[in-house]
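Participant: Provide a 3D model corresponding to the input given below.
(chains A and B)
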Number of protein chains: 2
Amino acid sequence: MSQRKRTEIAELGEFGLIDTLTRNATTANKRTIRGVGDDAAVVAAGRDDAMLISTDTLLEGIDFDLTYFPLKHLGYKAVTVGVSDILAMNALPEQIMISIGVSAKLPVEALQDLYEGIDFACRELGVDLVGGDTTASMTGLVINITTIGRAKRKAISYRSGAQFNDLICLTGNLGSAYMGLQLLEREKRVLKDVENPEPQFGGYEYLLQRYLKPRARKDIVEALAEEKIVPTSMIDISDGLASEVLQICKASKCGARIYLDRIPIAKQTSALAEEMHVDPVVAALNGGSDYELLFTVPLAMQEVMRLGMVDIIGHITRETTGAYMVTPDGNDIRLRAQGFKE
Amino acid sequence: MSQRKRTEIAELGEFGLIDTLTRNATTANKRTIRGVGDDAAVVAAGRDDAMLISTDTLLEGIDFDLTYFPLKHLGYKAVTVGVSDILAMNALPEQIMISIGVSAKLPVEALQDLYEGIDFACRELGVDLVGGDTTASMTGLVINITTIGRAKRKAISYRSGAQFNDLICLTGNLGSAYMGLQLLEREKRVLKDVENPEPQFGGYEYLLQRYLKPRARKDIVEALAEEKIVPTSMIDISDGLASEVLQICKASKCGARIYLDRIPIAKQTSALAEEMHVDPVVAALNGGSDYELLFTVPLAMQEVMRLGMVDIIGHITRETTGAYMVTPDGNDIRLRAQGFKE
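Facilitator: Just a heads-up that it's a prediction; the model follows:
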């Protein structure tokens, strides 16, 4: 056999891996506006418009556990995951395609539940289900989501547009989906050998809903349009705040300061975190799966606060100063992204 | 537990399953031209143009076996599979997004091989790689392909446009990819316990190439445009001729007669089929993975033959007469599609 070098994926991390693999990607086509490196690809459609296309894959055992994930919710969440990528470019989703790889062990009725959740989410968001197919899977359930959106070219927010002194804005609260997952995992462990398990979620239903049935923030993109605000940069929170801030900094060649006490954390999140001896800030920074939107606007555009659904959690700094979180007692902690999920 | 009915996926078959699952799919958006049920979804883009989007998933163990599938070829084939769906609508591919789910056991170098094949195919076809991501997979390699194409709305060929008396045309030859797969599977069995296996493919390299590195028939779509021929219906051969003819018949509400002795089969295909005691016609009808194009044109449009790369293999009949293959001795055999691959 050849003595070829062997590099482990973990050495590069998820983002390093993508960078390495797509280094030679062509973008020769005149209608390709933006290729690899954002939440969605952008393709010219008409003179002033663009279409945005994104793909996501959800794998059983990695992204969801069917022991406790109801298929109806999984269908709903699949649509949220897909649509969130389009919203993260300040565009509106219009179509979605969902393909599934499925083992014969799942009955048709289970897949009908999945599609009921998909249809429900599509109707709620005004998105058309326009395709997809089913193939056999030897192993677990595989869900692939392709989402198609639309925007005026000028209104698209890329990751790369953040400017020095911009305000960093965040919708909703963070860490609740992560704590919902912790709760489900705990009940699964506790009830592993129980014959008729009756999990106890008393008081934490909000966290479950945030993990199992997260809503895509279409309302925010609509509200921004109404206020005629085009964020200078935008991204959705799928991997955790720290990772997303670093993505913006990398793409925009800037630094950032996030104020810890400005990060919105729901009461139930703090309560369960305390109960489970987890730091709620870690849940907020690295938990992910929140599907909230993180965006930047110029300092002068404080009227973004009028939207009423947004918190200003920090501001953009020069690239040389790096990306930091500032604690209430004034300490700076360097932001780090989590690595490749295994 | 509830006494809910349990229907096995095999009872419905792959196409019945999709029909059942997408029965309630919405198409409320004014820019959605075609949703579920064709090779690609069609979305309005500008006044006269449309964008076409398709998705495909390739799963290790189902769609490819890494024991003998070189990753460079797999990357190339992934692009062919995606692009073929766009060509099958008489449109030209412009962008592609490829996402992979990958287990940590594969080194980065293996994925670089995969992407080298992807880049090579993209350059050959003039397609831009515009996105995709990597996620961890607990099991095998998962490749998802989203392809974006473009066409004048009037030039798009749907599955549903075939008319009574239309000629049924086919590019290339059939069954060679299937026989290539049989050859690879045979060598794998034979060499299972051999320490330094040296598989023997002498004389059958063409079949291997057809299976491992199939070319998308972009040349055909370009030639049709040059001759100003818009097929009344079109589909690509991914599941086998029988299945694709039945798809056209179902969508177009028509029947078909295919003449067995008109089905082009390569010499190597017949030779290996004889050696392996396989009926080459079965390979052609049900083998699949040929990525050739099947299309219909009006009877008067015999100039399609001028393209020189096309065979007329039959014609469209009335729906009531069904879809048949006619043997050289004049017998009619009803066409049947293979079921859900397991």
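Participant: Okay, domains of chain A per the record?
Facilitator: What automatic domain parsing lists as the domains of chain A is A:9-155, A:159-191+A:204-334.
Participant: Please identify which of the ones you listed is closest to B:V142.
Facilitator: domain A:9-155 (5.9 Å; C-beta to C-beta). To be clear about C-beta, it is placed using only N, CA and C from the backbone, and glycine gets the same treatment.
Participant: tell me the average confidence for the closest one?
Facilitator: For domain A:9-155, mean pLDDT rounds to 92.
Participant: Check stretch A:164-176 too.
Facilitator: On average, stretch A:164-176 scores 97.
Participant: and that stretch, how far apart are its ends?
Facilitator: Start-to-end span of stretch A:164-176 (C-alpha to C-alpha, to the nearest Å) is 30 Å.
Participant: And stretch A:201-209, by the same measure?
Facilitator: Taking C-alpha to C-alpha as the measure, stretch A:201-209 stretches 11 Å from start to finish.
Participant: Contacts for that stretch next, please.
Facilitator: With contacts defined as C-beta atoms under 8 Å, 6 or more residues apart in numbering or on different chains, stretch A:201-209 is touched by A:S176, A:A177, A:M179, A:G180, A:L183, A:L184, A:E187, A:A266, A:Q268, A:T269, A:A271, A:L272.
Participant: Out of the domains of chain A, which one sits most buried?
Facilitator: Highest mean neighbour count among these (mean count of other C-beta atoms under 10 Å in any protein chain shown): domain A:9-155, with a mean of 21.
Participant: returning to what we had before: need the max-distance pair from the contacts of stretch A:201-209.
Facilitator: Maximum pairwise distance among those (C-beta to C-beta): 19.6 Å, between A:E187 and A:A266.
Participant: Can you name the residues that contact the spatially most central residue of chain A?
Facilitator: For chain A, A:S238 is the residue whose C-alpha lies nearest the centre (C-alpha atoms, centre = their mean; 2.3 Å). Each residue near A:S238 by C-beta under 8 Å, 6+ apart is listed here: A:V81, A:S84, A:E244, A:G288, A:S289, A:D290, A:Y291.
Participant: Throw those residues into TSV and include distance to chain B, thanks.
Facilitator: Putting those into TSV (distance: C-beta to the nearest C-beta, whole Å) gives the following:
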residue	distance to chain B
A:V81	12
A:S84	14
A:E244	14
A:G288	12
A:S289	13
A:D290	18
A:Y291	16
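Participant: Using pLDDT, spot the least trustworthy of the residues you listed.
Facilitator: Lowest confidence among the contacts of A:S238: A:G288, with 87.
Participant: Settle this for me: that one is touching A:A242, isn't it.
Facilitator: No. The pair A:G288 / A:A242 is not scored as a contact, 9.6 Å apart, by C-beta atoms under 8 Å.
Participant: those strands in the stretch 201-342 of chain A, which residues are they?
Facilitator: Using DSSP state E, counting those that start in this stretch, the strands of the stretch 201-342 of chain A run over residues A:233-236, A:254-259, A:293-297, A:310-318, A:323-326, A:332-334.
Participant: I'd like those strands as TSV, with mean pLDDT appended.
Facilitator: TSV is the format used below for the strands of the stretch 201-342 of chain A (pLDDT from 0 to 100):
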stretch	mean pLDDT
strand A:233-236	97
strand A:254-259	97
strand A:293-297	97
strand A:310-318	96
strand A:323-326	96
strand A:332-334	94
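Participant: Next one: the closest residue to A:K30 other than its chain neighbours from A:S233, what distance?
Facilitator: Excluding its sequence neighbours, the residue lying closest to A:K30 (C-beta to C-beta, 6 or more residues apart in numbering or on different chains) is A:A44, at 7.8 Å. Per C-beta to C-beta, to the nearest Å, A:A44 is found 21 Å from A:S233.
Participant: Which strand residues bridge the residue lying closest to A:V304 once chain neighbours are set aside?
Facilitator: If you skip the residues right next to it in sequence, A:V304 has A:V297 as its closest partner in space, 5.2 Å away by C-beta to C-beta, 6+ apart. With DSSP bridges as the criterion, A:V297 is bridged to A:L167.
Participant: Hmm, A:V297 is touching A:Q163, no?
Facilitator: No. Contact criterion C-beta under 8 Å: A:V297 and A:Q163 do not qualify, at 9.7 Å.
Participant: Surely A:Y115 touches B:D19?
Facilitator: No. Shown here, A:Y115 and B:D19 do not form a contact pair, counting by C-beta under 8 Å, at 11.5 Å.
Participant: ok, A:S270 - contacts?
Facilitator: A:P280.
Participant: How much space separates it from chain B?
Facilitator: For A:S270, the distance to chain B equals 30 Å [C-beta to the nearest C-beta, to the nearest Å].
Participant: ok, now A:L170?
Facilitator: Counting by C-beta to the nearest C-beta - A:L170 and chain B are separated by 23 Å.
Participant: mind listing what that residue touches?
Facilitator: Residues counted as contacts of A:L170 (C-beta under 8 Å, 6+ apart) are A:I237, A:L241, A:I263, A:P264, A:E292, A:L293, A:L294, A:V310, A:D311, A:I312, A:I313.
Participant: Could you tell me how far the first one is located from A:E222?
Facilitator: With distances defined as C-beta to C-beta, the gap from A:I237 to A:E222 amounts to 19 Å.
Participant: for the last one, same thing?
Facilitator: Here A:I313 is placed at a distance of 22 Å from A:E222 (C-beta to C-beta).
Participant: got it, and the fifth one?
Facilitator: Spatial separation of A:E292 from A:E222 under the definition C-beta to C-beta is 15 Å.
Participant: circling back: could you single out the nearest of the contacts of A:S238 to A:D119?
Facilitator: Closest approach between these and A:D119, by C-beta to C-beta: A:V81, at 16.0 Å.
Participant: how many neighbours does A:A337 have?
Facilitator: Residues contacting A:A337 under the criterion other C-beta atoms under 10 Å in any protein chain shown number 20.
Participant: Would you confirm that it contacts A:L241?
Facilitator: No. Assessed by C-beta under 8 Å, A:A337 is found out of contact with A:L241, at 9.9 Å.
Participant: Give the closest residue to A:I263 in space, chain neighbours not counted.
Facilitator: Excluding the flanking residues, the one nearest A:I263 by C-beta to C-beta, 6+ apart is A:A284, at 5.3 Å.
Participant: Might you report the residue contacts of that neighbour?
Facilitator: Neighbours of A:A284 in contact, by C-beta under 8 Å, 6+ apart: A:L174, A:G175, A:Y178, A:G240, A:L241, A:I263, A:I265, A:T269.
Participant: Is the host helix or strand of A:S54 in proximity to chain B?
Facilitator: Element membership for A:S54, per DSSP states H and E: strand A:49-59. Yes. Counting by C-beta under 8 Å from any C-beta of the partner chain, chain B has neighbours in strand A:49-59: A:D49, A:M51, A:I53, A:S54, A:T55, A:D56, A:T57, A:L59.
Participant: Distance to A:L167 added to the residues you listed, as JSON lines?
Facilitator: Formatted as JSON lines, the residues of strand A:49-59 next to chain B follow (distance: C-beta to C-beta, whole Å):
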{"residue": "A:D49", "distance to A:L167": "28"}
{"residue": "A:M51", "distance to A:L167": "29"}
{"residue": "A:I53", "distance to A:L167": "29"}
{"residue": "A:S54", "distance to A:L167": "26"}
{"residue": "A:T55", "distance to A:L167": "31"}
{"residue": "A:D56", "distance to A:L167": "29"}
{"residue": "A:T57", "distance to A:L167": "33"}
{"residue": "A:L59", "distance to A:L167": "36"}
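Participant: which pair in those spans the largest distance?
Facilitator: Across the residues of strand A:49-59 next to chain B (C-beta to C-beta), the longest gap, 33.7 Å, separates A:D49 and A:L59.
Participant: which other helices and strands contact the strand holding A:S54?
Facilitator: With contacts taken as 3 or more C-beta pairs under 8 Å, 6 or more residues apart in numbering or on different chains; DSSP states H and E, strand A:49-59 sits against strand A:41-44, helix A:71-87, strand A:142-152, strand B:49-59, strand B:92-102, strand B:128-131, strand B:134-136, strand B:142-152.
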